[in-house]
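1. structure, please.
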Amino acid sequence: MNSMVGLMAGFILMVASGCDVRADEPSARDTDRKLARLRADIAGLVGAAKCVNLVNCRIAALGVDACGGATEYIAYSWLSTEKAALETRIAEYNFALEDAQKQRTPADACTASPEPVAACVNGRCVIPLGR
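-> Have a look, this model is predicted:
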């Protein structure tokens, strides 16, 4: 019983002295794992991104860079991708990435890059290289 009272008194002192006792904050490694899992989920939802022609292909933006643009883009097909599930997972990824960016060093200088255009190549939606 005395040890429990001692633990509680120690906790109260830590809180009163302004010590940060948040044990629920994720570490950088946990955040990186979460981002990797969410990114893998997104890739799984996109799947093969099957298309018959360009009309079937869409572009989705992931993350937010220093300029306010996307950190990357992915091509997906509205024929073979459940759009609502993809948008939900992208939103989760973006929130987690934003939190991770706040915990790390500030971003470099802003370098805006244009949004790419999707293409249907060999029955698959892709972002052509060099665009």
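
2. contacts for the helix or strand where Ala40 lies?
-> Applying DSSP states H and E as the criterion places Ala40 in helix 28-46. Applying C-beta atoms under 8 Å, 6 or more residues apart in numbering, the contact partners of helix 28-46 are 26, 62, 74-77, 81-82, 85-86, 89-90, 92-93, 96-97, 99-100, 103-104. Placement of C-beta: from N, CA and C, glycine included.

3. repeat that for 6 Å
-> If you take C-beta atoms under 6 Å, 6 or more residues apart in numbering as the criterion, helix 28-46 is touched by 76, 81, 85-86, 89, 92-93, 96, 100.

4. mind listing what's buried in the helix ranked longest in the chain?
-> Longest helix in the chain, counting residues (DSSP state H): helix 83-103. By neighbour count on 16 or more other C-beta atoms under 10 Å, the buried set for helix 83-103 is 86, 89-90, 92-94, 96-97, 100-101.

5. for that helix, name the packing helices and strands.
-> helix 28-46 (3 or more C-beta pairs under 6 Å, 6 or more residues apart in numbering; DSSP states H and E).

6. which helices and strands does whatever helix or strand comes next after the helix it packs on pack with?
-> Following helix 28-46 in sequence order, the next helix or strand is strand 57-62 (DSSP H and E). Using 3+ C-beta pairs under 6 Å, 6+ apart, the elements in contact with strand 57-62 are strand 72-77.

7. which strands border the strand it packs on, and is each parallel or antiparallel?
-> Applying DSSP bridges, strand 72-77 is found paired with strand 57-62 (antiparallel).

8. pull the distance from the partner strand to the chain's centre.
-> Relative to the mean C-alpha coordinate of its chain, strand 57-62 is positioned 14 Å out (C-alpha atoms, centre = their mean, to the nearest Å).
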